[in-house]
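S.K.: next input, structure requested:
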Amino acid sequence: MSAALATIDLEAFRRNVRLLVDLVAPSEVMLAVKADAYGHGVLPMSLAALEAGATALAVLEVGAGLELRAAGVTVPLFAWLHGTATDFRAAAENHIDVGVSAVWQLEAIAESGAEVPARVHLKIDTGLSRNGASVEDWPKLVATALHLESQGFLEVYGAWSHLADASVADDEIALAKFTVAVEVATSLGARFSKLHLAASSAGIRMPAARFDYVRFGIAAFGISPFDDVDGRGLGLEAPMTLSAPVLSVHELGAGPASIAGLDVDLDEPATVALLAIGYGDGVQAPAVERAEVLLGGERRRIIALGADRMLVDADDVAASPGDRVVLFGSAERGEPTAEEWAGHADSIGDEVVVSVSPRVERVYV
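M.R.: Just a heads-up that it's a prediction; the model follows:
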């Protein structure tokens, strides 16, 4: 276990979820908790989301849904990333809804031997090209699903898609494609109980795309899905704070030096602090030339990065072993944010928080 800590503020997360729930009402929020809830911990974040008003959870894979069922979670769960080894029988018998993009998935559901019908959401590709049936294949997908429904293998429960979120115009085109696909399916006899298209971006800025569920993901974790405004500007707060202790403080002269395997070559004398965190803990190496940490209440530059150690500038700062240094956290407290780190790494905030290693202990407050 690393000495670094990822402290998760559950109430900040609940506030985010409540804000999003209120924003899209009367549509419901299906909270996406994929990738271990974006690195925050799937079970505690799922429970907190439900406490704050989410009514369903999107888990990506059936296995993650089974873990939540085993932990006692009873709300609707939705899984949509399937391979040939996906256990569709377990999904059906544990009441995990499955997103279906292809006829072979419907056939696998029918052949699974489940004792109860699987509840399926049929997916049309509206332009993201991640998965989903093409316009040409959509009628066959719907017809096959309806045939298997008549035989008792499944229930055609929903229709859904993903938006590319490339531009407002692209999303409007995708919305139109989705609407047409639903009309085609209805003409073939489908009667959908739930429609869902929007995730964080369209959920916030495109009311017409909200339908029955909005699948909020990264926005609930305080990170903006937009380029023109950060999470704080949307009224959201990042619940994760990544911090590490100071191990030692060193006075260095100008020139080359090595501390704990980290080599530096200073132009002038400096005081540096050695931290117990590195890229093995998920620190974004491409960001370190521009990123800062919060040490002694001040933003300080990073001097060197290793697998599990980091050197930072400690000139004119009262730093002592054991002091905790924040790499990223809440803008409300003046800390660097995951979104800032993402900008420095030419990445996205999702990647910064998901990359925090499992060896970093999660502490919930």
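S.K.: count of residues packed around T74?
M.R.: 9 (other Cβ atoms under 10 Å). Glycine gets a C-beta too; all of them are placed from N, C-alpha and C.
S.K.: for it, give its distance to N94.
M.R.: Going from T74 to N94 by Cβ to Cβ, to the nearest Å gives 10 Å.
S.K.: can you give me the helices in the stretch 201-350 of the chain?
M.R.: Ranges of helices in the stretch 201-350 of the chain, per DSSP state H, counting those that start in this stretch, are 338-344, 349-354.
S.K.: touching the following helix or strand past the shortest one from outside, list them.
M.R.: Using DSSP states H and E, the next helix or strand after helix 349-354 towards the C-terminus is strand 361-364. Surrounding strand 361-364, the residues in contact under the criterion Cβ atoms under 8 Å, 6 or more residues apart in numbering are M1, S2, A4, L5, A6, T7, I8, L10, H40, G41, P44.
S.K.: sheet partners, orientation included, of strand 361-364?
M.R.: Here strand 361-364 is paired, per DSSP bridges, with strand 5-8 (parallel).
S.K.: chain center to the partner strand: distance?
M.R.: Relative to the centre of its chain, strand 5-8 is centred 16 Å away, using Cα atoms, centre = their mean, to the nearest Å.
S.K.: again with stretch 161-175
M.R.: What separates the centre of stretch 161-175 from the centre of its chain is 20 Å, taken as Cα atoms, centre = their mean.
S.K.: CA atoms only: put stretch 82-101 into PDB for me.
M.R.: This file holds the C-alpha atoms of stretch 82-101, laid out as PDB (Å, rounded to 0.1, in the frame of the first residue of the first chain):
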ATOM      1  CA  HIS A  82     -20.100  -7.500 -23.800                       C
ATOM      2  CA  GLY A  83     -17.700 -10.100 -25.100                       C
ATOM      3  CA  THR A  84     -18.300 -13.700 -26.100                       C
ATOM      4  CA  ALA A  85     -17.700 -14.800 -22.500                       C
ATOM      5  CA  THR A  86     -20.300 -12.500 -21.000                       C
ATOM      6  CA  ASP A  87     -22.500 -14.400 -18.600                       C
ATOM      7  CA  PHE A  88     -26.000 -13.400 -19.900                       C
ATOM      8  CA  ARG A  89     -27.600 -16.000 -17.700                       C
ATOM      9  CA  ALA A  90     -26.200 -14.400 -14.500                       C
ATOM     10  CA  ALA A  91     -27.300 -11.000 -15.800                       C
ATOM     11  CA  ALA A  92     -30.900 -12.100 -16.400                       C
ATOM     12  CA  GLU A  93     -31.100 -14.100 -13.100                       C
ATOM     13  CA  ASN A  94     -29.700 -11.100 -11.100                       C
ATOM     14  CA  HIS A  95     -32.000  -8.600 -12.900                       C
ATOM     15  CA  ILE A  96     -29.100  -6.700 -14.600                       C
ATOM     16  CA  ASP A  97     -30.400  -5.000 -17.700                       C
ATOM     17  CA  VAL A  98     -28.200  -5.500 -20.800                       C
ATOM     18  CA  GLY A  99     -27.600  -3.100 -23.600                       C
ATOM     19  CA  VAL A 100     -27.600  -5.000 -26.900                       C
ATOM     20  CA  SER A 101     -26.000  -3.800 -30.100                       C
END
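S.K.: R301 is in contact with V312, correct?
M.R.: Yes - if you go by Cβ atoms under 8 Å, V312 and R301 touch, sitting 6.9 Å apart.
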